[in-house]
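> after the sequence you'll find the predicted model.
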Amino acid sequence: MTATPIHEPTGVIHDIGYRHYDGRRLGRGSAVAALTLHSLRGVFGLGRPARSKIMPFGLLVVMLLPAVVTVAIMMLVKQQGMGYPGFTATMQTVLAIFLATQAPYLVAPDLRFRVLPLYLSRPVTVLDYVGAKLAAMTLAMLVLMVLPLTVMFLGELLADLPGPGHTGEFFAALATSVLYAVMLACVGTAIASFTPRRGLGVAAVIAFYLLTSAISGVIYGVLASLSRDGAAEWAMLINPFFAVDAVQVWLFDTPPGNGVGYPDGLGGPIALLGVLALIALAVLALIMRYRKAASS
Amino acid sequence: MNPVVAGISYRAVLGRRRVWLLILLPLVLIGLSALLLAFGSADERSAVLLMEKFAIGTMLPLLGLIVGTGVIAPEIDDGTIIHLLSKPISRPVIAQTKFLVAASLLILFAAVPTFVAAYLLVSGESGIAFGFAVGSLAGGVAYAALFLLLGVFTKHAVAIGLVYALIWESVVGGFVPGARDFSIQQWAQSIADQISVSSYQTSTVALGFAIPALIIVTLGAVVWSGQRLRSFSLTGDE
């Protein structure tokens, strides 16, 4: 029986060429900007399969159609077509469908595949993540609203219509677009973030729009048939699109986009307060949702 | 009809967050009719308005979308449908079972609340409550079949169904009368109009077209979903 020989250690560490990154680190701001840009591209299906591009670009084309028709009317008949202030409220169904189909894309996959901790292992914080997603959705909604308005305005400038221009109305509509975009993006993203399933997210967001617009429509119809017009106008404000339109009417004195008008006096300020409260509630819900998702 | 498949489908729709949306919509309908009662406008005209605009025009397509795609789309999304398809159960039977589950849920969450809401407002007057309940039932069954078919065909079923219900049925149907002939919502309205005798109600599609169309769409969609499942291939998504 011999003593076991003492072996020299045979393990070696091979240098297989892994290198440290020693370039400049761009930091948190850049990471958030990159996430925002990536999300914005994703909303329009860029960098995703061709099938994902059909819906966003199709809806963008639908938004542009009335603008193109309006430009054609201005060029050929020399008459003002569709006005700027009421454009967004008129196209609300298309905007709601865009929001419902694209907002879940922004938030659902990350929740479903539980990759949030991967984002948060970088300098990005929960607030940065939420902010980037909201910024992307807001920018996307802005593109959808501002592009047709600008096309119409350029058309009006080129057509050189008789009578006074509508530059003031155009800029009022642009300013209101920002409020529309922020409200829609916050509400849509907040509702979509509550389910990791894209299909259910789509249904939930559109349910919010359909419920508010149908409730507002039914109450308006009943009150108007009782000829309580003052109360009926208040019912209009339940629809979030008309609430923002009422703010526009109050701030810029534009013609109402719903065809019947909004309550005078307190109507505008209360609509603005309601919209701001809705935005605050949505952002709060989003932050709470992601605080919880990040810790699980 | 396979009871195990039915049980799985019921659990998939009712066991998750989906059910809250299913409860919320009928609650809003009944809440609205209570509100109209409080306004003191519980007459035939507001009842018909509420039923046409909300019960059939908004709630029914939405519930159809949530339930019809909900019985199959999540399983396809997760890939767990493979376990179901690999069992010795005929694929058409799976499709039929899922359709029956969706249809029964739509009766529970759409047709029954529609009846309750209309009955609250006008009780049995002019057959409004009964008419809209039957219309909503027929429309709900057709929506269940159509959206089940969509769910089998594409992963973007909810988005496409939404475009059908909102753009085709509501916007295009509002401007182009011919489009109303191909709208489940309008067929449901026709049936409701036929049963109720209220003078406030109008429907544009003839009953002789609506009933065969409903039957053909429902049966066709269920059979086609079954055939499609027989040669189903699970593909990745993004």
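Cool, got the structure.

> going by C-alpha atoms from here, please, whenever you check contacts or count neighbours.
Fine.

> any idea which helix or strand in chain B has the lowest mean pLDDT?
helix B:173-175 (a mean of 78; mean pLDDT, DSSP states H and E).

> flag every residue of chain B that's near chain A.
Contact residues (C-alpha under 8 Å from any C-alpha of the partner chain) of chain B with chain A: B:17-18, B:21, B:25, B:32, B:36, B:41, B:46, B:49-50, B:53-54, B:58, B:62, B:65-66, B:74, B:156-159, B:162-163, B:166-167, B:238.

> count of residues packed around the residue of the stretch 1-150 of chain A found nearest chain B?
Proximity to chain B, evaluated over the stretch 1-150 of chain A using C-alpha to the nearest C-alpha, is greatest for A:Thr101 at 5.9 Å. A count of nearby residues for A:Thr101, using other C-alpha atoms under 10 Å in any protein chain shown, gives 29.

> please indicate which of the residues of chain B next to chain A are buried?
B:18, B:21, B:25, B:32, B:36, B:41, B:46, B:49-50, B:53-54, B:58, B:62, B:65-66, B:74, B:156-159, B:162-163, B:166-167 (16 or more other C-alpha atoms under 10 Å in any protein chain shown).

> leaving out chain neighbours, which residue sits closest to residue 45?
I went with chain A, as the question did not name one. Nearest residue to A:Gly45, sequence neighbours excluded (C-alpha to C-alpha, 6 or more residues apart in numbering or on different chains): A:Lys53, at 4.5 Å.

> I was thinking of chain B, sorry if that wasn't clear
That would be B:Tyr200: by C-alpha to C-alpha, 6+ apart, it lies 5.9 Å from B:Arg45.

> same check on A:Ala173?
A:Pro85 (4.9 Å).

> does that neighbour really touch A:Ser177, like I thought?
No. With contact defined as C-alpha atoms under 8 Å, A:Pro85 does not reach A:Ser177; the gap is 9.4 Å.

> how about the residues of chain A near chain B?
A:48-49, A:93, A:97, A:101, A:195, A:197, A:199-200, A:202-204, A:207, A:210-211, A:214-215, A:218-219, A:221-222, A:226.

> list buried residues within the residues you listed.
Buried among those (16+ other C-alpha under 10 Å): A:93, A:97, A:101, A:195, A:197, A:199-200, A:202-204, A:207, A:210-211, A:214-215, A:218-219, A:221-222.

> filter these down to the ones in helices?
A:93, A:97, A:101, A:199-200, A:202-204, A:207, A:210-211, A:214-215, A:218-219, A:221-222 (DSSP state H).

> can you report how many residues lie near B:Ser33?
Residues near B:Ser33, counting by other C-alpha under 10 Å: 25.

> hmm, it is touching B:Leu121, no?
Yes. With contact defined as C-alpha under 8 Å, B:Ser33 reaches B:Leu121; the gap is 6.3 Å.

> which residues sit against stretch A:103-114?
A:39, A:42-43, A:116, A:133, A:137, A:185, A:188-189, A:192-193, A:195-198, A:201-202, A:293 (C-alpha atoms under 8 Å, 6 or more residues apart in numbering or on different chains).

> could you pull out the helices for chain B?
B:3-14, B:18-39, B:44-49, B:60-70, B:73-78, B:81-85, B:91-106, B:112-122, B:128-153, B:157-162, B:173-175, B:184-195, B:207-230.

> A:Asp245: which of those is closest?
Between A:Asp245 and those, the shortest gap by C-alpha to C-alpha is with helix B:173-175, which sits at 22.9 Å.

> list the buried ones in that closest one?
B:Gly173.

> so where's chain B uncertain?
For chain B, applying pLDDT under 70 flags the ranges B:235-238.

> and for it, the residue most distant from the center?
Of all residues in chain B, B:Gly40 has its C-alpha farthest from the mean position, at 30.7 Å, by C-alpha atoms, centre = their mean.

> burial count for the residue nearest to A:Gly45?
A:Lys53, neighbours per other C-alpha under 10 Å, totals 16.

> packing partners of the helix or strand hosting it?
Assigned by DSSP states H and E, A:Lys53 falls within helix A:50-76. With contacts defined as 3 or more C-alpha pairs under 8 Å, 6 or more residues apart in numbering or on different chains; DSSP states H and E, the packing partners of helix A:50-76 are helix A:92-112, helix A:126-159.

> mean confidence for the shortest one?
Per-region confidence: helix A:92-112 scores 92 on mean pLDDT.

> give me the buried positions along that helix.
Under the neighbour-count rule (16+ other C-alpha under 10 Å), helix A:92-112 has A:92-111 buried.

> what do you get for the last one?
The neighbour-count check on helix A:126-159 (16+ other C-alpha under 10 Å) flags A:126, A:128-142, A:144-146, A:148-153, A:155-156, A:159 as buried.

> that helix to helix A:92-112, inter-axis angle?
Orientation of helix A:126-159 against helix A:92-112 (axes from the mean of the first three to the mean of the last three C-alpha atoms, to 10 degrees) gives an angle of 150 degrees.

> which other helices and strands contact helix A:126-159?
Applying 3+ C-alpha pairs under 8 Å, 6+ apart, we find helix A:126-159 packed against helix A:27-43, helix A:50-76, helix A:92-112, helix A:167-192, helix A:267-295.

> please repeat the previous calculation with a cut-off of 7 Å.
Counting contacts by 3 or more C-alpha pairs under 7 Å, 6 or more residues apart in numbering or on different chains; DSSP states H and E, helix A:126-159 packs against helix A:27-43, helix A:50-76, helix A:167-192, helix A:267-295.

> okay, now residue 187: neighbour count?
By default, I'm working from chain A. Neighbour number of A:Val187 under other C-alpha under 10 Å is 25.

> the intended chain is chain B.
29.

> so who does the spatially closest residue to B:Ala188 that is not a sequence neighbour touch?
Of all residues not flanking B:Ala188 in the chain, B:Gly135 sits nearest, at 4.4 Å (C-alpha to C-alpha, 6+ apart). Each residue near B:Gly135 by C-alpha atoms under 7 Å, 6 or more residues apart in numbering or on different chains is listed here: B:188-189, B:191-192.
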